[in-house]
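Colleague: the sequence isn't on hand, but the structure is:
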């Protein structure tokens, strides 16, 4: 037990002195354990670049006091081997580094009542542009609410725009939500989101790889994005301009071999351009609603998605022959039954029978012995779907 | 030459008495030639279903008079073997039938100054919902205009909504445009589009498989859709509700092994649902502009598409080290140079050098010996793109 406690305290020290996601540290710790790495650093003979970088920071760190001080602020430190350690993070050991960040975090600072492993067991990252449109924010809220209703956790970054909409959609539906921060889990960034972040900590979970009190820096956002990707089963990007940070989270997801999803938008909307680029490149699956997200992240066949269908039209209730005759009735000027029969390839008698049914159904009209489609010019049946309910849809 | 003239006249007769795209007729004529098929039909001993269907219509047809009458209305009849016969249609011989329509048309009735083969040699079908949104119509117009400027022909169906927008976009940019009708090429459907269709016939081409005077019926729209698909190199669907007729054109395109493209829209817009479904099913390539359409239909590499890029940001002009330091500067409360250097993993001297450059560039501010990102809370650099111009974009 002594070794385990040492290992935890060593991880506290490394969390305090190292940079989140610095692969020189994370990779070494994943290989050798934190106690060993720390011992090596304390050895004044160690001459590596990392050792030089870190040694002078070591003096000031008292891991026991760190943990006490964190606990006073409602924070706990979760490390590999703990019951609540989320397995998903271990996959980072094998995922490619991005922008010189990567690897399994030495630990997670957590604030909130949920167990990390349980909270993320069924979870989806919902991320996107900070300068979201009303449209994007509404879609993110809807998707998060659908996930919440199915008891799936929404993981996001608490940023302006899509992140905020995603957390709010989940919270409003009383769903579990996890905010992953680039600063310390005791802080709030953006500062305007302090109330929301505190609410997430009250009912969900606020986590960070950075030590308590750590400031948000750009490089920490890049490291943070990999945690969002690694904690969730897949990532939905709702709006993302070209070169948006949300695409960085998508890259991490892809590197982890998990599903990247993208919500399309108007091609005239810059915040959707990055998503469209991903879908075009087949780097992301197009999704349009929470149900499609659930289908993509659930084991095959376990979430049944109803194919979108048009409402049943009057013609769906016709027999095949009646439809055949209807399809042969002119849309504008009328034609006599014989001519309709020729177009349909049916005898006059059968054509007349069908025309009577169609007339009773209000689908055709006649006058002076000529038949035409009722409201043909408006109903425009020519471009309606050719398939009835018993026929395959046109693209299948 | 006699045989050729006979063949043409036989095709006129079959065009008049047969239904467009009736595969019992088109497949036979493609195999045996029209003169042979017609001869067989005229043989009173022929007892097939098709013969019985057609024989009683034969008496009234005089192909010579048909051609004269058509010529008076500005129509010509183009058949396989003619110089201007578009090769693209021959692919219909091998494409699967859809909704009991299919095969190579026995001929094309054409109205307009363009040669059919030349007009469609570089052409794209732009189709979609008749109940288009303002958004969809604007995008269709834009795409058609881009195609026109590159001297590509827009093929469409002259219907309300997207079709109309596509023809207009092409016409307004003085591009070649081809309208394929379900009724006779001398008629106009929808009737409200008579002026536009006549304008297309003045400067472009109006074509139909149906004989002059033929009424538009639903079944003829299904047959017509296959010609739109077969004349063009690929099909763009701009808006299409689930079960929309535009999806029928997309199915024909797919059956011909040509490229189907779809323009996304808001997921909240029903007229985009059919397009999203196609893209999700990987039945269509997502496109967002005319340039992407041209890239998809051009031989590989012959149309260079610029990757969408965000405008150059101030950080793009920094050296790698300066960016490294900038990324380590806190966004909210400041930090001293030593602390920034630790985060960046650089010596104090190098950090200070870089901070001076960043300060001159207006990217960081300092006071009381502490540095922070200028407007950090607003600029929100954490989620901006990590890549500079010399680095790969985040998803590649």
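Modeller: Arrived safely, thanks for sending. Just so it is clear, the model here is predicted, and its values are computed rather than measured.
Colleague: for stretch A:125-145, measure first residue to last.
Modeller: Chord length of stretch A:125-145, first to last residue, is 13 Å (Cα to Cα, to the nearest Å).
Colleague: just the buried residues of that stretch, please?
Modeller: A:125-133, A:135-145 (16 or more other Cβ atoms under 10 Å in any protein chain shown). From N, CA and C alone the C-beta is placed, and that goes for glycine too.
Colleague: now swap in stretch A:150-161 and tell me
Modeller: So, applying 16+ other Cβ under 10 Å, buried residues of stretch A:150-161: A:150, A:152, A:153, A:154, A:155, A:156, A:157, A:158, A:159, A:160, A:161.
Colleague: could you pull out the strands in the stretch 251-396 of chain A for me?
Modeller: Using DSSP state E, counting those that start in this stretch, the strands assigned to the stretch 251-396 of chain A run over residues A:259-262, A:285-286, A:364-367, A:370-373.
Colleague: out of these, flag the one nearest residue A:303.
Modeller: Of all these, strand A:259-262 sits nearest to residue A:303, with 12.9 Å by Cβ to Cβ.
Colleague: outside of the closest one, which residues touch it?
Modeller: Residues from elsewhere that reach strand A:259-262, judged by Cβ atoms under 8 Å, 6 or more residues apart in numbering or on different chains: A:233-237, A:240, A:250, A:253-254, A:275-276, A:278-279, A:283-287, A:292-293, A:296-297.
Colleague: look at the closest residue to residue A:369 other than its chain neighbours and report its pLDDT.
Modeller: Of all residues not flanking residue A:369 in the chain, residue A:336 sits nearest, at 5.6 Å (Cβ to Cβ, 6 or more residues apart in numbering or on different chains). Predicted confidence (pLDDT) at residue A:336: the value is 91.
Colleague: now residue A:336: how far from chain B?
Modeller: The gap separating residue A:336 from chain B is 12 Å, by Cβ to the nearest Cβ, to the nearest Å.
Colleague: wouldn't that residue be in contact with residue A:371 here?
Modeller: Yes: the pair residue A:336 and residue A:371 passes the contact test of Cβ atoms under 8 Å, sitting 7.2 Å apart.
Colleague: more neighbours, these two?
Modeller: More neighbours surround residue A:371 than the other of residue A:336 and residue A:371, with 24 against 15 (other Cβ atoms under 10 Å in any protein chain shown).
Colleague: state the pLDDT value of the more buried one.
Modeller: We have a pLDDT of 90 for residue A:371.
Colleague: OK, contacts around it?
Modeller: Residues in contact with residue A:371 (Cβ under 8 Å, 6+ apart) are A:329, A:330, A:334, A:335, A:336, A:337, A:340, A:355, A:364, A:365.
Colleague: that one and residue B:221, how far apart?
Modeller: In this view, residue A:371 and residue B:221 are 18 Å apart by Cβ to Cβ, to the nearest Å.
Colleague: next, residue A:93: phi, psi?
Modeller: Reported as degrees, to the nearest 10, the phi and psi values for residue A:93 are phi -60, psi -30.
Colleague: got the contact list for it?
Modeller: Counted by Cβ under 8 Å, 6+ apart, residue A:93 has contacts A:27, A:30, A:103, A:104.
Colleague: ditto for residue A:108
Modeller: Residues near residue A:108 by Cβ under 8 Å, 6+ apart: A:77, A:78, A:79, A:85, A:89, A:116, A:207, A:208, A:209, A:227.
Colleague: now with 6 Å?
Modeller: Listed by Cβ atoms under 6 Å, 6 or more residues apart in numbering or on different chains, the contact set of residue A:108 reads A:78, A:207.
Colleague: can you list the domains in chain A?
Modeller: Listed domain ranges for chain A are A:67-297, A:314-383 (source: automatic domain parsing).
Colleague: would you mind finding the most buried of the ones you listed?
Modeller: Across the domains of chain A, averaging neighbours per residue (mean count of other Cβ atoms under 10 Å in any protein chain shown) puts domain A:67-297 on top, at a mean of 23.
Colleague: measure it end to end?
Modeller: Distance between the two ends of domain A:67-297: 36 Å, counting by Cα to Cα.
Colleague: what's in contact with stretch A:270-286?
Modeller: Stretch A:270-286 has contacts (Cβ under 6 Å, 6+ apart) with A:129, A:133, A:237, A:239-242, A:244, A:247, A:260-262, A:264-265, A:296, B:279-280, B:286, B:288, B:308, B:395.
Colleague: sitting in helices, which of the residues you listed do you find?
Modeller: Among the contacts of stretch A:270-286, DSSP state H puts A:247, A:296, B:279, B:280 in helices.
Colleague: any stretches of chain A with poor pLDDT?
Modeller: Applying pLDDT under 70 to chain A flags residues A:1-2, A:44-50, A:52-54, A:56, A:306-312, A:376-396.
Colleague: on the three-state scheme, residue A:15 is what?
Modeller: Taken by DSSP: H, G, I helix; E, B strand; the rest coil, the conformation at residue A:15 corresponds to helix.
Colleague: what's near enough to touch it?
Modeller: Counted by Cβ under 6 Å, 6+ apart, residue A:15 has contacts A:106, A:107, A:211.
Colleague: ok, which of those also contact chain B?
Modeller: Among these, proximity to chain B is found for none (Cβ under 6 Å from any Cβ of the partner chain).
Colleague: what's the closest of the residues you listed to chain B?
Modeller: residue A:211 (11.9 Å; Cβ to the nearest Cβ).
Colleague: isn't residue A:129 right up against residue A:240?
Modeller: Yes: counting by Cβ atoms under 6 Å, residue A:129 does reach residue A:240; the two are 5.4 Å apart.
Colleague: chain neighbours aside, what residue packs nearest to residue A:200?
Modeller: Spatial nearest neighbour of residue A:200, chain neighbours left out: residue A:179 (4.7 Å); criterion: Cβ to Cβ, 6+ apart.
Colleague: could you look up the SS state of the one you found?
Modeller: Taking three-state DSSP, the label given to residue A:179 is strand.
Colleague: residue A:130 versus that one, what's the distance?
Modeller: Using Cβ to Cβ, residue A:179 is found at 15 Å from residue A:130.
Colleague: next: residue A:218.
Modeller: According to Cβ to Cβ, residue A:218 stands 13 Å off from residue A:130.
Colleague: repeat for residue A:145
Modeller: 21 Å.
Colleague: equivalent analysis for residue A:231, please.
Modeller: 20 Å.
Colleague: OK, contacts around the residue positioned nearest the centre of chain A?
Modeller: Most central in chain A under Cα atoms, centre = their mean is residue A:236, positioned 2.2 Å from the mean C-alpha point. Shown in contact with residue A:236 (Cβ under 6 Å, 6+ apart): A:126, A:261, A:293.
Colleague: can you give me the helices in the stretch 151-300 of chain A?
Modeller: Ranges of helices within the stretch 151-300 of chain A are A:162-172, A:194-203, A:218-231, A:245-255, A:270-280, A:290-297, based on DSSP state H, counting those that start in this stretch.
Colleague: excluding chain neighbours, what is closest to residue A:198?
Modeller: Among residues not flanking residue A:198 along the chain, residue A:188 sits closest, at 7.3 Å (Cβ to Cβ, 6+ apart).
Colleague: same deal with residue A:8?
Modeller: Leaving aside its chain neighbours, residue A:8 sits nearest to residue A:79 (5.5 Å; criterion: Cβ to Cβ, 6+ apart).
Colleague: neighbours of residue A:27, how many?
Modeller: Neighbourhood size, residue A:27 [other Cβ under 10 Å]: 16.
Colleague: excluding its backbone neighbours, what's nearest the residue lying farthest from the centre of chain A?
Modeller: Relative to the centre of chain A, the most outlying C-alpha is that of residue A:368, 61.2 Å out, by Cα atoms, centre = their mean. Spatially, and ignoring its direct neighbours in sequence, residue A:368 is nearest to residue A:334 (7.7 Å; Cβ to Cβ, 6+ apart).
Colleague: mind listing what the one you found touches?
Modeller: Residues counted as contacts of residue A:334 (Cβ under 6 Å, 6+ apart) are A:370, A:371, A:372.
Colleague: please redo it, this time with the cut-off set to 10 Å
Modeller: The neighbours of residue A:334, taking Cβ atoms under 10 Å, 6 or more residues apart in numbering or on different chains as the test, are A:340, A:364-373, A:376, B:215.
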